[in-house]
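K.L.:
Here is my input; please provide its structure:
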Amino acid sequence: MKSALITGANRSIGLETAKQLSEKGLFVYLGSRDLQKGEAVVRELNEKGFRNLKAIEIDVTDPASISAAKNLIEKDQGKLDILINNAGILGTNPQTAAETSVKDIQHVFDTNFFGVISVTQAFLELLKKSESPRISNITSGLGSLTLHSDPTWKYYDVKTAGYGTSKAALNAYTIVLAYELKDLPFKVNAIDPGYTATDFNHHSGPGSVESAASFIVKHTLTDDNAPTGQFYSNDIEDEIGISPW
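P.N.:
Numbers count the residues shown, from 1 in each chain. This is a model prediction of the structure:
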């Protein structure tokens, strides 16, 4: 049975992704900063018939928490097949380039960018033991420099000095990581689930968590011939959904 770790999975898109992977027969570690909240969610899912789920405490900004999570999964599984770096924060609002403090921007980067790097580096050892390791970095269309430079883009006026730039940095990191692992069976991709109605945005997005999670699962459970180092977006209206960087 393949195993997957999803950070920030106790609600919204992360939770729905855990449910869909569980339905496909994977053992899913449901990452949560608060273990009690994660365990409560797993109990609810078990009552609804979901199986092969385990809550795991992981704060992507806390090295000790990341190490403990890695050790637990190593003891349980001996390896990890899939890492979905889903945990993220929006930060303060508004986020103007001229006035948002460095402290506020750093706070967003700590989770959305440096947190991903910390988790990924910690789990690479276990992922390399998998026959078909996958790393999916959950990003946003707001991280696309090309789209942000296009006045005709429907979200052109949504500029965020912390959130958007942290996702642009995450996209760049994804490219570098995919390149470094290209001679191994890894598939490393940035996946934008699209503008989705969640607590994250006060349910303002037009997309559903089911569609968002399905898109993540589609571009994570890929075969050996699938691309690596790509940027996929659920907001791109074509069959594949490749987004410009």
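K.L.:
hey, let's count contacts and neighbours off CA atoms from now on
P.N.:
Fine.
K.L.:
gap between the two ends of stretch 222-231?
P.N.:
14 Å (Cα to Cα, to the nearest Å).
K.L.:
Setting aside sequence neighbours, what's the nearest residue to Lys70?
P.N.:
Taking Cα to Cα, 6 or more residues apart in numbering as the measure, Lys70 lies nearest to Phe123, with 6.4 Å between them; neighbours along the chain are not counted.
K.L.:
Strands of the protein, start to end?
P.N.:
In order along the chain, the chain carries the following strands (DSSP state E): 3-6, 27-32, 53-57, 82-85, 134-138, 187-192, 231-233.
K.L.:
who are the neighbours in contact with Val158?
P.N.:
Contact criterion Cα atoms under 8 Å, 6 or more residues apart in numbering gives Leu142 as the residues in contact with Val158.
K.L.:
and the strands of the chain as a markdown table, adding mean neighbour count, distance to Lys159 and mean pLDDT?
P.N.:
Written out in a markdown table, the entries for the strands of the chain read as follows (neighbours: other Cα atoms under 10 Å; distance: least, Cα to Cα, whole Å; pLDDT from 0 to 100):
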| stretch | mean neighbour count | distance to Lys159 | mean pLDDT |
| --- | --- | --- | --- |
| strand 3-6 | 24 | 27 | 98 |
| strand 27-32 | 26 | 29 | 98 |
| strand 53-57 | 23 | 33 | 98 |
| strand 82-85 | 27 | 23 | 99 |
| strand 134-138 | 25 | 19 | 98 |
| strand 187-192 | 28 | 17 | 98 |
| strand 231-233 | 26 | 18 | 98 |
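K.L.:
Tell me if I'm right that the residue nearest to Lys70 and Leu72 touch.
P.N.:
No: at 11.4 Å, Phe123 does not count as touching Leu72 under the criterion of Cα atoms under 8 Å.
K.L.:
neighbour-wise, which of these two wins?
P.N.:
Phe123 (22 against 14; other Cα atoms under 10 Å).
K.L.:
For this protein, which residue occupies the most central location?
P.N.:
Compute the mean C-alpha point of the chain, and by Cα atoms, centre = their mean the closest residue is Asn86, 2.5 Å away.
K.L.:
That one against Ile138, yeah?
P.N.:
Yes: distance between Asn86 and Ile138: 5.2 Å, which falls inside the contact criterion (Cα under 8 Å).
K.L.:
got the angle between the lengthiest helix in the chain and strand 134-138?
P.N.:
Longest helix of the chain, by residue count under DSSP state H: helix 163-180. Here the directions of helix 163-180 and strand 134-138 differ by 160 degrees (axes from the mean of the first three to the mean of the last three Cα atoms, to 10 degrees).
K.L.:
I appreciate the help and will end here.
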